[in-house]
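*Asks:* have a look; sequence and predicted model below, questions after that.
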Amino acid sequence: MASILEIEQLNVSYNGIPALQNVGLQAEKGEILGIVGESGSGKSTLLKAVIGLLGDNGRAESGRVVFEGTDLLRVPAKALRGIRGARLGMIFQNPGTSFNPIRKIGDQFLEAMRSHGKTDRTAAIQQILEMLARLGLRDGERILYSYPFELSGGMNQRVAIALAMILRPQLLLADEPTSALDVTVQAQCVKEMMDLRDSLGTTILLVTHNMGVVSYMADKVAVMYAGRIVEYGAKADVLNCPRHPYTRALIEAIPQIGGGAPKGIQGQPSAAKGTPDGCDFSSRCRFSDNICAFERPVMNDCGQGHAVFCHKCFSEVLHEGVRVNGY
Amino acid sequence: MKVLELTDIKKTFWKNKQCFSAVDGVSFSIEKGECVGLVGESGCGKSTVARMITRLEKTDSGEIFVNGENVTRCKGKALRDMYRHIQMVFQNPVDSFNPRLKLGSSIGEVLANFGTPRGEIKQKVERLLVQVGLEPAMAMRYPHEVSGGQCQRAAIARAIAIAPELLICDEATSALDVSVQAQIMELLFRLRKETQMSYLFISHDLALVQSICDRVLVMHRGRIVEAGDTREVIEHAAHPYTRLLLASVFPLHPDPQWKIPDVPTAQGEEGDACRFWQRCPSCGELCRTERPSLRKLNERHDVACHFAE
């Protein structure tokens, strides 16, 4: 099957400071790709680079972002407008700020639909109400005539998901879609996104720091650190049998019900520096030695699409007891 | 000995000429050296409880005792003395410092206010910074110059500067990355061992609370619905709301049978009855008319539900 999205050797910088380095990944139709990492690791920048929202000081220096056969980095602005919204949707982290505060929800839906050629108002409203009902919002009529501030955070986020999905995009970019929500509301939103994926076959790039959500939703997982993907593979491989020390440390830092005290990762999360040599994680890594400090690792393939950016990914020490929690 | 005791405290806010009961009769106490967790979703009143204890908010009714002394309406010198016993760490570390003061000055200010001689302040600040795992040189930085995790460490240093008996952490790690959150938790753990301080640890994250606390209080819409020893509450959750909370946490390695729970949304007024009845799977007639009060299930476990057993 051809990939919906293929990112190759993508380098992005803000004001000349590198934020993404040699990022490559691909997503098939209907697949959910989870992207995890600490803040500053470049997760959000990756999504912004795909949809072209890097802003004035951000620049995609090199690489390709191929979406359904077109390279989004080289598409003229006018053509990009036709793709964005219609075939490429995005959900932002903060539901309160992703809407225009002084226009009613319904108008914002209609504007999006009109600009992509859906001009029949009655049919459009019918379609919106259907989508809202699907997301568990029964009183759609009232929502259409409400302003964003009149709805609760959970409702706003569901409406934002509905707005992103209304034109049935092939690819949905979700930037921390449930992080601002309470656990019970988060559970509902996750369920609804899964339902939409199952019925519409949407591909989702899911950025989140909640490993539990990734574990539930994702098919593949990419772990990012300092602007690079350091581990990439099927969900079961990455979460149950992590091979990068960073992935393992990240998993151990998560508090779990019935689990012990979470273990911290020493040192500060580092931003992408573009240091000429050495592994970015070496200063915080339990397993690092000379080679890690002086030579940059390469992406090692461990089989079945499981790739790890580490010198030690084949080492015995690292793999002792590598399976977490009885898996 | 009880460091803190609350008896039936209440708080109502007025919004759009409507009365909204944020905290509706909360009672609990914290023993010396104990770590108590307060969990609940946003808007359940957990932060209001913390703000009432620290007198950032007035209490409508009910009493607050610190070390046996009634501090509900104390002011002036008595209030200052109260802050000797109780200190607080807030959610957003950068905002909780004066942006124009260096971290060292902010911490030193607390020491000066509580009677440390001028000459000793600098040395003491450095010792505090080391105690929370920061370089002494951090004293010369401004809040915006350090990372969130470092700033939260400094906030903890400030809170423990006068060796309080109770530290209130209001979502102290929610603004931080998981890796940094775990570091802060390790620090709180260590400080507790070193100083025998009591904690009131407020969070929305049940998994986090259970990793550090001896006792957990679950709050729902202004009331405590379940309270007890952490293991007891986690393993034998009796209130349907606690069960819902537990079931809504996405496990890292889920069982194949694990499913997202169905949650009906609550609508309309709930009156004086159980505030959870509209969302409750096991709601009966009694729940719509009568408010359940907190009753003992066993020695270490209380629940406010008519049907829990």
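*Replies:* That came in fine, so what should we check first?
*Asks:* which residues does B:L187 contact?
*Replies:* Shown in contact with B:L187 (Cβ atoms under 8 Å, 6 or more residues apart in numbering or on different chains): B:V132, B:G133, B:R153, B:I156. No exception for glycine: its C-beta is placed from N, CA and C like everyone else's.
*Asks:* among those residues, show me the least confident.
*Replies:* Among those, B:G133 carries the lowest pLDDT, at 88.
*Asks:* from the contacts of B:L187, which land in helices?
*Replies:* In helices, defined here by DSSP state H, the members of the contacts of B:L187 are B:R153, B:I156.
*Asks:* spell out which parts of the stretch 1-150 of chain B neighbour chain A.
*Replies:* Contact residues, the stretch 1-150 of chain B versus chain A (Cβ under 8 Å from any Cβ of the partner chain): B:E41, B:S42, B:S147, B:G149, B:Q150.
*Asks:* if you could redo that for the stretch 151-300 of chain B, that was the one I meant.
*Replies:* So far as Cβ under 8 Å from any Cβ goes, the stretch 151-300 of chain B lies against chain A at B:177-186, B:189, B:204-208, B:210-212, B:234-235, B:244-246, B:248-254, B:260-261, B:263, B:265.
*Asks:* related to what we said a few turns ago, and the furthest pair within the residues of the stretch 1-150 of chain B next to chain A?
*Replies:* Longest distance between any two of the residues of the stretch 1-150 of chain B next to chain A is 29.5 Å, between B:E41 and B:Q150; criterion Cβ to Cβ.
*Asks:* list the contacts for whichever residue of chain B sits closest to chain A?
*Replies:* Chain A sits closest to B:F250 of chain B, with a gap of 2.8 Å, by Cβ to the nearest Cβ. Contacts for B:F250 (Cβ under 8 Å, 6+ apart) come out as A:A187, A:V190, A:N210, A:G212, A:V213, A:S215, A:Y216.
*Asks:* go back to the residues you listed and keep what's next to chain B.
*Replies:* A:A187, A:V190, A:N210, A:G212, A:V213, A:S215, A:Y216.
*Asks:* make CSV out of these and add distance to A:Q126.
*Replies:* Converted to CSV, the ones next to chain B among the contacts of B:F250 look like this (distance: Cβ to Cβ, whole Å):
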residue, distance to A:Q126
A:A187, 29
A:V190, 27
A:N210, 35
A:G212, 36
A:V213, 32
A:S215, 37
A:Y216, 32
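*Asks:* please flag which of those residues sit within helices.
*Replies:* Filtering those for helices - DSSP H - leaves A:A187, A:V190, A:G212, A:V213, A:S215, A:Y216.
*Asks:* of all those residues, which comes closest to B:E309?
*Replies:* Using Cβ to Cβ, those come closest to B:E309 at A:A187, 26.1 Å.
*Asks:* okay, now the closest residue to the closest one other than its chain neighbours: neighbour count?
*Replies:* Counting by Cβ to Cβ, 6 or more residues apart in numbering or on different chains, A:A187 lies nearest to B:S248, which is 4.3 Å off, once chain neighbours are set aside. Counted by other Cβ atoms under 10 Å in any protein chain shown, the residues lying close to B:S248 total 20.
*Asks:* which residues in the chain form helices?
*Replies:* No chain was given, so I picked chain A. A:43-51, A:77-83, A:105-114, A:121-134, A:140-144, A:153-165, A:183-200, A:211-217, A:235, A:245-252, A:290-294, A:316-319.
*Asks:* wrong chain, I was asking about chain B
*Replies:* Here chain B has its helices, by DSSP H, at B:46-53, B:77-85, B:103-113, B:118-131, B:148-159, B:178-195, B:206-212, B:230-235, B:240-248, B:285-289.
*Asks:* brilliant, that's me finished.
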